[in-house]
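Visitor: Provide a 3D model corresponding to the input given below.
(chains A and B)
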Protein chains: 2
Amino acid sequence: MQIIDGKKVAAAIKAEIRAEVESFVAAGRRAPQLVAIIAGNDGASQTYVAGKEKACGECGFRSQVLRFADSLTEAELLAAIALLNADEEVDGFIVQLPLPRHINEQRIIEAIDPKKDVDGFHPVNAGRMAIGLPAYVSATPAGVKELLRRYEIATAGKHCVVLGRSNIVGRPVANLLSQKDAPGDCTVTICHSRTRNIKDICRSADIIIAALGQPEFLTADMVAHGAVVIDVGTTRVPAADAKSGFRLKGDVKFDEVAAKCSYITPVPGGVGPMTIVSLMKNTLKAYKKEVYP
Amino acid sequence: MQIIDGKKVAAAIKAEIRAEVESFVAAGRRAPQLVAIIAGNDGASQTYVAGKEKACGECGFRSQVLRFADSLTEAELLAAIALLNADEEVDGFIVQLPLPRHINEQRIIEAIDPKKDVDGFHPVNAGRMAIGLPAYVSATPAGVKELLRRYEIATAGKHCVVLGRSNIVGRPVANLLSQKDAPGDCTVTICHSRTRNIKDICRSADIIIAALGQPEFLTADMVAHGAVVIDVGTTRVPAADAKSGFRLKGDVKFDEVAAKCSYITPVPGGVGPMTIVSLMKNTLKAYKKEVYP
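Guide: From the prediction side, this is the model:
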């Protein structure tokens, strides 16, 4: 059994990005720039955005955070987005979700120029990804693929079971892994709350991607010997003994499942660190105009 | 065993559309209009476009076919599309594929205003469909869903096996049937050329959607008793005794599979007649501005 070390892979990728950025800067070009918009004071959102800023620093990117009050109107937010769309020194930007309730998230997402939509949430990017065209793939699905690639895990012809059908994880992961591009070419089964016999389906899997958001859902009796288990779940579970008052729990009962696996990701330290790195990779792609030449 | 009669359903839907159009016209509004662009002399394309014109007539739509020579340039085609995008009396239009080889099909598809893209091939529509937003769903996946709906076939929680991962059938069908909207909520497995144990997977299916384009691929030993089988395959197979010189063959070995099924579609007369009807429904939606208000 091998533990997939997302932290280590993420550090390696950030170092690769930094080296590339340094070569651009040495050649007299400006550094890539990522901008984040945040509205309100949601604690988790603040933490995520801080993590993204830190990663930008590590990659040699310029970064900027535009902070707005909870009372920000939709029109004001759309105006800020229009400025970023037009700013040639901004390669990509993200609008941290969730937004205050009076703002229509879908309208905001669709106002972002797809060329700068490094979160990959715009329908144009979702659609291009679904039909196998170059696209910004959203952070978590891209991170899952990158882990499979870096650990050289065989995927072609394997049965991959995806638990969860969310638009930001389950569905895009299922689409990506059923496509021909390596890692991919899997036979993919997508399971969700209405699925029957989920235990049997999981037991038939060579690869399980767990993205339900149900702590410790996947137990040892649901996993075949030698399976690859990628745990995308990160639920904050109250923990009196933790300094923060909570602990992150994955969708996998790690202690009992790990022994049966060929590869498994821990939580934290598995998929989590890869998500921010995927955003950095998308920003570099935007800078290099790789997706939309 | 019940044979799903696509011809009958298609006729019923066309009559429903016609009644609705007549009520609009009686109220003084113009009729919906669909335009088709065709370049070159491909026989199958001519037949498809003629079928679409005929269906427009049956639905009370205006229709127009813009015919170009094989030598049409990409610039000329883009200019024609720009005119149709701007024409307020054109609700939707399609560019019949395949196009002459010197024309970039993807560039043409992306030039169509998503609001008029009643074929549902533009990445915006593919993406909106994948993430469950209102969208023009392409003709064949929409036709499959409509047959399940009209025959009131239970889908929630069922295991649906999709054979084929094409962008125009397999992948969108898999995405649609795994979504919550009825008919849907299936556990979906998407299979393709690299899938192993495809027989076992098919035998575990409550519903099989065959869209591989391999005549008579699905045999009786691959189907569980009581399964629902939807055959999307339509391959022209040479037949000396047929007037046209060929016969349409589905992906299902109908004679032996039918006896085991609860429901099955024939070829021809199953999914086929539904595809043109889906295009008519999308045109009516465009006219009513249902997808993009």
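Visitor: which parts of the stretch 1-150 of chain A sit against chain B?
Guide: Proximity of the stretch 1-150 of chain A to chain B (Cβ under 8 Å from any Cβ of the partner chain) is limited to residues A:106, A:122-133. For glycine as for every other residue, the C-beta is placed from the backbone atoms N, C-alpha and C.
Visitor: which one (most neighbours) among those?
Guide: Counting neighbours by other Cβ atoms under 10 Å in any protein chain shown, the top entry in the residues of the stretch 1-150 of chain A next to chain B is A:Ala126, with 32 neighbours.
Visitor: secondary structure element for the nearest residue to it once chain neighbours are set aside?
Guide: Leaving aside its sequence neighbours, A:Ala126 sits nearest to B:Gly127 (Cβ to Cβ, 6 or more residues apart in numbering or on different chains; 3.8 Å). Element membership of B:Gly127, judged by DSSP states H and E, is helix B:123-130.
Visitor: can you pull the pLDDT of the residue nearest to A:Ala126?
Guide: On the pLDDT scale, B:Gly127 is placed at 92.
Visitor: which ones are touching it?
Guide: A:122-130, B:135 (Cβ atoms under 8 Å, 6 or more residues apart in numbering or on different chains).
Visitor: and with 7 Å instead?
Guide: Listed by Cβ atoms under 7 Å, 6 or more residues apart in numbering or on different chains, the contact partners of B:Gly127 are A:123-127, A:130.
Visitor: look up how far A:Pro98 lies from it.
Guide: Here the criterion is Cβ to Cβ, to the nearest Å. By it, B:Gly127 lies 21 Å from A:Pro98.
Visitor: can you check A:Lys288 too?
Guide: For A:Lys288, the distance to A:Pro98 - Cβ to Cβ - is 31 Å.
Visitor: check A:Ser193 too.
Guide: When distance is defined by Cβ to Cβ, A:Ser193 is 21 Å away from A:Pro98.
Visitor: only alpha carbons, please: show stretch A:13-29 as CSV.
Guide: Extracted as CSV, the C-alpha positions of stretch A:13-29 are listed here (Å, rounded to 0.1, in the frame of the first residue of the first chain):
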residue,chain,number,x,y,z
ILE,A,13,4.6,21.3,-9.2
LYS,A,14,4.9,24.7,-7.6
ALA,A,15,8.7,24.5,-8.0
GLU,A,16,8.3,23.6,-11.7
ILE,A,17,5.9,26.5,-12.2
ARG,A,18,8.3,28.9,-10.4
ALA,A,19,11.2,27.8,-12.5
GLU,A,20,9.2,28.5,-15.7
VAL,A,21,8.0,31.8,-14.4
GLU,A,22,11.5,32.8,-13.5
SER,A,23,12.7,32.0,-17.0
PHE,A,24,9.9,34.3,-18.4
VAL,A,25,10.8,37.1,-16.0
ALA,A,26,14.5,36.7,-16.8
ALA,A,27,13.6,37.2,-20.5
GLY,A,28,12.0,40.5,-19.6
ARG,A,29,8.4,39.5,-19.5
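Visitor: on that earlier part again, from the chain's centroid, how far away is the helix holding B:Gly127?
Guide: From the chain centre to the centre of helix B:123-130 is a distance of 15 Å (Cα atoms, centre = their mean, to the nearest Å).
Visitor: what do you get for stretch A:55-71?
Guide: For stretch A:55-71, the distance to the chain centre is 18 Å (Cα atoms, centre = their mean).
Visitor: quick one: what helix or strand has A:Ala50 in it?
Guide: helix A:43-59.
Visitor: counting contacts, what elements does that helix pack onto?
Guide: helix A:6-26, strand A:33-39, strand A:62-68, helix A:272-287 (3 or more Cβ pairs under 7 Å, 6 or more residues apart in numbering or on different chains; DSSP states H and E).
Visitor: what angle separates the first one from helix A:43-59?
Guide: So that's helix A:6-26. Interaxial angle of helix A:6-26 relative to helix A:43-59 (axes from the mean of the first three to the mean of the last three Cα atoms, to 10 degrees): 50 degrees.
Visitor: list the contacts of helix A:6-26.
Guide: Helix A:6-26 is contacted by residues A:31-32, A:55, A:58-61, A:147, A:150, A:265, A:269-274, A:277, A:280-281, A:284 when judged by Cβ under 7 Å, 6+ apart.
Visitor: related to what we said a few turns ago, out of the helices and strands packed on helix A:43-59, the one nearest B:Arg67 is which?
Guide: helix A:272-287 (41.2 Å; Cβ to Cβ).
Visitor: quick check: mean pLDDT across the closest one?
Guide: For helix A:272-287, mean pLDDT is 97.
Visitor: so what does that helix touch, helix or strand wise?
Guide: helix A:6-26, helix A:43-59, strand A:92-95, helix A:139-150.
Visitor: and the residue of chain A closest to chain B?
Guide: Among all residues of chain A, A:Gly127 sits closest to chain B, at 2.6 Å; criterion: Cβ to the nearest Cβ.
Visitor: any idea how far that residue lies from A:Ile112?
Guide: Separation of A:Gly127 from A:Ile112 (Cβ to Cβ) stands at 15 Å.
Visitor: what does A:Lys7 give?
Guide: Counting by Cβ to Cβ - A:Lys7 and A:Ile112 are separated by 30 Å.
Visitor: same deal with A:Ala86?
Guide: 12 Å.
Visitor: rewinding a little: what angle sits between the helix holding B:Gly127 and helix B:139-150?
Guide: Using the same axes, to 10 degrees, helix B:123-130 lies at 30 degrees relative to helix B:139-150.
Visitor: and the angle from helix B:123-130 to helix B:272-287?
Guide: Relative orientation of helix B:123-130 and helix B:272-287, computed by the same axes, to 10 degrees: 110 degrees.
Visitor: show me the contacts for A:Asp221.
Guide: A:Lys199.
Visitor: give me the mean pLDDT for stretch A:73-90.
Guide: 98.
Visitor: got it, and stretch A:189-209?
Guide: 97.
Visitor: quick check, it touching chain B?
Guide: Yes. Residues of stretch A:189-209 are located near chain B by Cβ under 7 Å from any Cβ of the partner chain, namely A:189-191, A:194-196.
Visitor: show me how to select, in PyMOL, the buried members of the residues you listed.
Guide: Here is the PyMOL command that selects the buried residues among these (16 or more other Cβ atoms under 10 Å in any protein chain shown):
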select buried, chain A and resi 189+190+191+194+195
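Visitor: contacts only, for the residue nearest to A:His102 when sequence neighbours are not counted.
Guide: For A:His102, ignoring the flanking residues on the chain, the nearest one in space by Cβ to Cβ, 6+ apart is A:Glu74 at 7.2 Å. Applying Cβ under 7 Å, 6+ apart, we find A:Glu74 in contact with A:103-104, A:107.
Visitor: what does the stretch 151-293 of chain A put close to chain B?
Guide: Residues of the stretch 151-293 of chain A lying close to chain B (Cβ under 7 Å from any Cβ) are A:156-157, A:165, A:167, A:171, A:175, A:178, A:185, A:187-191, A:194-196.
Visitor: if we use 10 Å, what do you get?
Guide: By Cβ under 10 Å from any Cβ of the partner chain, the residues of the stretch 151-293 of chain A that approach chain B are A:155-162, A:165-168, A:170-172, A:174-175, A:177-180, A:184-198, A:200-201, A:204, A:206.
Visitor: what's the PyMOL line that selects buried ones from the residues you listed?
Guide: To isolate the buried subset of those in PyMOL, counting by 16+ other Cβ under 10 Å, use the following:
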select buried, chain A and resi 155+158+159+160+161+162+165+166+168+170+171+172+174+175+177+178+179+184+185+186+187+188+189+190+191+192+194+195+198+201+204+206
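Visitor: next step: the residues of the stretch 151-293 of chain A next to chain B restricted to helices.
Guide: A:170-172, A:174-175, A:177-178, A:198, A:200-201 (DSSP state H).
Visitor: could you dump those to a markdown table with distance to B:Lys249?
Guide: Converted to a markdown table, these look like this (distance: Cβ to Cβ, whole Å):
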| residue | distance to B:Lys249 |
| --- | --- |
| A:Gly170 | 36 |
| A:Arg171 | 33 |
| A:Pro172 | 35 |
| A:Ala174 | 30 |
| A:Asn175 | 29 |
| A:Leu177 | 31 |
| A:Ser178 | 26 |
| A:Ile198 | 37 |
| A:Asp200 | 34 |
| A:Ile201 | 32 |
